[in-house]
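> this one's sequence-less:
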């Protein structure tokens, strides 16, 4: 056998190009990069050197298929997404935090150069990335956690970004697609690698399960007009955290807007989110349209409540409207059952029981609640209660006397 050093080879970013050197040069390179798995590198260099000494043609053939083998390994590597956060939103940017991991086959170490990972919708051609996230260099071995935080992430394509958000909000599951290219180092070998993955995730399912857990009327109303306060539960079945800021809701019953409610500083995290609500209920609209309101599904009335719907009117973060959230959520209608008349009566009951009346002009709440199934009696009760709220005790006494 020839005593000269056996040649070794490395594959450059161009899969069809080879760089020739000596075995000693390869060993020197290994020592300079000792922080990586030296054993894997030596074995790779020795294997290539031995192959070339016996059959240069076989060695070249082997090296030619390395890119395909390496790409197959990447294609078969699972990419897991554990959490993602969209924070500090403004008109066309936000803070993006992503926690993922890659599962590399056992016994293999891959060192990657920095990578720009683009997110896109698979069903749109040609590809139109809506986000690009710069990833640093990684040393991948086994299951490797990848966590990144980008304080400034630009929205590159607003239409595709909103479409992806809509898919996440309106469905039980959705898919995000990601693609990027980098140089992968396998021991002493390197090759161009393309990471391209479709990842299925849980969606928000139209916020199904939204509920108003508690609510009461504020009498008299506060200086800003607030006459309704409560606690709502907003579910989030996804792994995403969304910073929404100040969210204003339209409250509707039987297709009529009966008021508005505001939720401050909303950060929608995975799981159930309990947040405080403050609102302004339009009592005139409620009372004037009480028969129509009571035409709500009987199943709700049997439970002592009304079927109420809420839709997002606006989302404001740091004093600025977030147009893409508003465009997305304005079309989302959330339905829940609320015992709104009982809340009204219970609120007044507390006031009456506290103040009392010795002149016979007190309100008999039990009598008012006696038959809520008849529209006229219910309307009379509601009007009497509104009169009380307006401080018109004589009107109440007159109405009850009739």
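Yep, that arrived. Fair warning: this is a prediction, and the values are worked out from it, not measured in the lab. Numbers count the residues shown, from 1 in each chain.
> So the chain: which segments form each domain?
For the chain, automatic domain parsing gives the domain ranges 7-75, 78-202, 206-339, 345-401.
> In terms of mean pLDDT, which of those domains ranks lowest?
Mean pLDDT is lowest for domain 345-401 out of the domains of the chain, coming in at a mean of 47.
> these two touch, right, residue 140 and residue 110?
Yes: under the criterion of Cβ atoms under 8 Å, residue 140 makes contact with residue 110 at 4.5 Å. To be clear about C-beta, it is placed using only N, CA and C from the backbone, and glycine gets the same treatment.
> Give the intersection of the neighbour lists for those two.
Residues touching both residue 140 and residue 110 (Cβ atoms under 8 Å, 6 or more residues apart in numbering): residue 104.
> Tell me which of these two has more neighbours.
residue 110 (23 against 19; other Cβ atoms under 10 Å).
> Quickly find the element holding the more buried one.
Residue 110 belongs to strand 109-112 when assigned by DSSP states H and E.
> now for that strand, which elements pack on it?
Under the contact definition 3 or more Cβ pairs under 8 Å, 6 or more residues apart in numbering; DSSP states H and E, strand 109-112 sits against strand 138-141, strand 173-186.
> Please point out which parts of the last one sit buried.
Going back to what we said before, that points to strand 173-186. Neighbour-count burial for strand 173-186 flags 174-186 (criterion: 16 or more other Cβ atoms under 10 Å).
> Distance to residue 192 added to those residues, as a markdown table?
Below are the buried residues of strand 173-186 laid out as a markdown table (distance: Cβ to Cβ, whole Å):
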| residue | distance to residue 192 |
| --- | --- |
| 174 | 30 |
| 175 | 26 |
| 176 | 24 |
| 177 | 20 |
| 178 | 17 |
| 179 | 14 |
| 180 | 12 |
| 181 | 6 |
| 182 | 8 |
| 183 | 6 |
| 184 | 8 |
| 185 | 11 |
| 186 | 12 |
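> and which of those residues is nearest residue 197?
For those, the minimum distance to residue 197 (Cβ to Cβ) is 5.4 Å, reached by residue 178.
> contacting residues for the closest one?
Contacts of residue 178 by Cβ under 8 Å, 6+ apart are 79, 117-120, 195-197, 199.
> how does it look with 7 Å?
Going by Cβ atoms under 7 Å, 6 or more residues apart in numbering, residue 178 touches 117-119, 197.
> Neighbour-wise, give me the winner out of those residues.
residue 117 (23 neighbours).
> my guess is that one contacts residue 135, does it?
Yes: in this structure, residue 117 is within contact of residue 135 by Cβ atoms under 7 Å, at 5.6 Å.
> how far away is the nearest residue to residue 165 once chain neighbours are set aside from residue 162?
Counting by Cβ to Cβ, 6 or more residues apart in numbering, residue 328 is the residue found nearest to residue 165 once chain neighbours are left out, at 5.2 Å. Using Cβ to Cβ, to the nearest Å, residue 328 is found at 6 Å from residue 162.
> Comparing these two, which residue is more hemmed in?
For residue 328 versus residue 162, neighbours defined as other Cβ under 10 Å are more numerous around residue 328 (20 against 17).
> sec struct for the more buried one, please.
In three-state terms, and counting by DSSP: H, G, I helix; E, B strand; the rest coil, residue 328 is helix.
> Numbering from 674 from now on, please.
Happy to do that; since the first residue is 674 now, the last one works out to residue 1001.
> which ones are touching it?
For residue 1001, the contact set (Cβ under 7 Å, 6+ apart) comprises 835, 838-839, 842.
> Phi and psi next, for residue 754.
For residue 754, the backbone dihedrals (degrees, to the nearest 10) come out as phi -120, psi 120.
> same check, this time on residue 956
Per-residue torsions, residue 956: phi -70, psi -30 (degrees, to the nearest 10).
> What count of nearby residues applies to it?
Residue 956 has 20 neighbouring residues, counting by other Cβ under 10 Å.
> and if you look at the one 3 residues further on?
Taking other Cβ under 10 Å as the criterion, the count of residues near residue 959 is 20.
> Go ahead and confirm it touches residue 932.
No: using Cβ under 7 Å, residue 959 is not in contact with residue 932; the gap is 8.1 Å.
> Quickly list what's touching both of those two.
The overlap between the contact sets of residue 959 and residue 932 (Cβ under 7 Å, 6+ apart) is empty.
> Neighbouring strands - and their directions - for whichever helix or strand comes after the strand holding residue 783?
Later in the chain than strand 782-785, the nearest helix or strand by DSSP H and E is strand 788-793. Partners of strand 788-793 in the sheet, by DSSP bridges, are strand 804-808 (antiparallel), strand 846-859 (antiparallel).
> between these, which one is nearest to residue 989?
Among the strands paired with strand 788-793, if distance is taken as Cβ to Cβ, the winner is strand 804-808, at 23.0 Å.
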